[in-house]
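Participant: Quick one: sequence plus predicted model below, questions after.
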Amino acid sequence: MFIGAFIMPKVIKFDLPIDGIRAKNIEEIRDHFTLEILAHFRSGLLAKWLAVRKLSEELEALQAIDTSTDDQAVFKRLCEIFAVEADDAVIAVLFNDPMPKLGLTVAEVVKQAESADKIINLADLLPIKAGELKLFTERALFFNSADLDGTDLILQSAQGSLIFKSCRIAKITTRYFDFGDGTVLDIQTGKVGKPCGQRYSDFSDGTVLDIQTGLQWMRCALGQNWTSATCTGEAKQYNWYAAHSAANELNKNGGYAGQCDWRLPSIDELKTLIVEGQKPTIDQQAFPNTPVSDFWSGSPVANNSGNVWYMSFYRGGHIDRYTPKANVHVRLVRGRQ
């Protein structure tokens, strides 16, 4: 009787379904680490996934888990095996959170005290720094009409609250998140801006954010003072070189409104302030008591290094060139260039 050679069965390689994706590697599991991992462990699917990928170290650690222990202890050990940081308090929040399941990504749960209503006020967690990882599971994040910048942030709306669906911040390219009603949040400082006119958001610190351009402007010209309601005092006039020196000196001595990167606007940036059909041709709610005179730009005239562009809001947004030795008003800006 012929006995054929024994052939080892081929193991089918498969991707692990978790958090709405099919994980192909450890990194994807870490990025989508949810409580589903516990069910995959209990069913044996996780062990098979590690085996077909020949991840022997993780598989050995997985097989050493005492299956008779409670779910929280097992989940904590799974966090350790897959290098997902979570302590006992955080895990307790995950297992006892009564919020409805909203399909949120969990790679790391922010460590914080449990609130009675399980609502997180995002403003309490700011500023968020580049490279940080703050994720929440089955939690509503209440913004109270605030704003959040969104670099790599994916937000989901649920019953009037904003929810973190994914929250890995690799870099910050845009500082502000716009809710569409003039309300914004500065993600780095936590300042909330309230609607001011049709296109500006007021940070209540003497500055406004232009929602369309992302530029933050001083509401007053240099020399004037912001009194929480308007600009008072007499605006100073500077020659172009002195205007740059004044901006540099301001930044060197602590800045303004908590920021130290103020500068003269380019002529194109000044153009964005023009409001047609009124005099002065500037939003007077955002920029009250704008001086009846010209304003410097930071832009030299191309092919004519002897002159610099300026704008007059009292002459219909008139743009022309001046010698840099002329004395002109200054409004500083910060942000995109």
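Facilitator: Cool, got the structure. From a predicted model like this one, the values you see are computed outputs, not experimental measurements.
Participant: hey, where'd the strands end up in the stretch 201-337 of the chain?
Facilitator: Listed in chain order, the strands of the stretch 201-337 of the chain (DSSP state E, counting those that start in this stretch) span 207-210, 216-218, 225-226, 231-232, 294-301, 304-312, 318-322, 333-334.
Participant: partner strands of the second one, parallel or antiparallel?
Facilitator: Right, the one you point to is strand 216-218. strand 207-210 (antiparallel), strand 333-334 (antiparallel) (DSSP bridges).
Participant: looking at those, which is buried most?
Facilitator: Highest mean neighbour count among these (mean count of other CB atoms under 10 Å): strand 207-210, with a mean of 24. For glycine as for every other residue, the C-beta is placed from the backbone atoms N, C-alpha and C.
Participant: between the strands paired with strand 216-218, which has the poorest average model confidence?
Facilitator: Mean pLDDT per stretch puts strand 207-210 lowest among the strands paired with strand 216-218, at a mean of 90.
Participant: now what about that one, what contacts it?
Facilitator: Contacts of strand 207-210 from elsewhere in the structure, counted by CB atoms under 8 Å, 6 or more residues apart in numbering, are 176, 184, 186, 193, 196, 199-203, 215-219, 256-257, 272, 286-287.
Participant: These, buried ones only, as a ChimeraX selection?
Facilitator: To isolate the buried ones among the contacts of strand 207-210 in ChimeraX, judged by 16 or more other CB atoms under 10 Å, type:
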select :176,184,186,193,196,199,200,201,202,203,215,216,217,218,219,256,257,286,287
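Participant: coming back round to it: could the strands paired with strand 216-218 be laid out in TSV, adding distance to Glu58?
Facilitator: Output for the strands paired with strand 216-218, formatted as TSV (distance: least, CB to CB, whole Å):
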stretch	distance to Glu58
strand 207-210	47
strand 333-334	48
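Participant: thinking again about what came up before, please tabulate the strands of the stretch 201-337 of the chain in JSON lines, including the columns distance to Asn239.
Facilitator: As requested, these are arranged in JSON lines below (distance: least, CB to CB, whole Å):
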{"stretch": "strand 207-210", "distance to Asn239": "25"}
{"stretch": "strand 216-218", "distance to Asn239": "19"}
{"stretch": "strand 225-226", "distance to Asn239": "22"}
{"stretch": "strand 231-232", "distance to Asn239": "22"}
{"stretch": "strand 294-301", "distance to Asn239": "9"}
{"stretch": "strand 304-312", "distance to Asn239": "10"}
{"stretch": "strand 318-322", "distance to Asn239": "9"}
{"stretch": "strand 333-334", "distance to Asn239": "19"}
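Participant: Out of these, which gets nearest to Leu78?
Facilitator: Taking CB to CB, strand 207-210 is the member of the strands of the stretch 201-337 of the chain nearest to Leu78, at 43.3 Å.
Participant: quick one: buried residues of the lengthiest helix in the chain?
Facilitator: Using DSSP state H to define each element, the chain has its longest helix at helix 240-252. Buried positions in helix 240-252, judged by neighbour count with 16+ other CB under 10 Å: Trp240, Ala242, Ala243, His244, Ala246, Ala247, Leu250, Asn251.
Participant: What is the nearest of those residues to Lys54?
Facilitator: Asn251 (56.1 Å).
Participant: since we're on the nearest residue to that closest one once chain neighbours are set aside, how many residues are nearby?
Facilitator: Closest residue to Asn251 apart from its sequence neighbours, by CB to CB, 6 or more residues apart in numbering: Cys260 at 4.4 Å. The tally of other residues near Cys260 (other CB atoms under 10 Å) stands at 13.
Participant: ok, now which ones touch Ser293?
Facilitator: Listed by CB under 8 Å, 6+ apart, the contact set of Ser293 reads Ala235, Gln237, Ser312, Tyr314, Val328, His329.
Participant: ok, and the most crowded of those?
Facilitator: His329 (23 neighbours).
Participant: For it, which residues count as its bridge partners?
Facilitator: Bridge pairing for His329 - DSSP bridges - gives Phe295.
Participant: Roughly how far does it sit from Asn251?
Facilitator: Counting by CB to CB, to the nearest Å, the gap from His329 to Asn251 is 19 Å.
Participant: swap in Tyr200?
Facilitator: 23 Å.
Participant: And for Gln259?
Facilitator: 8 Å.
Participant: ok, now Arg53?
Facilitator: Arg53 is 53 Å from Asn251, by CB to CB.
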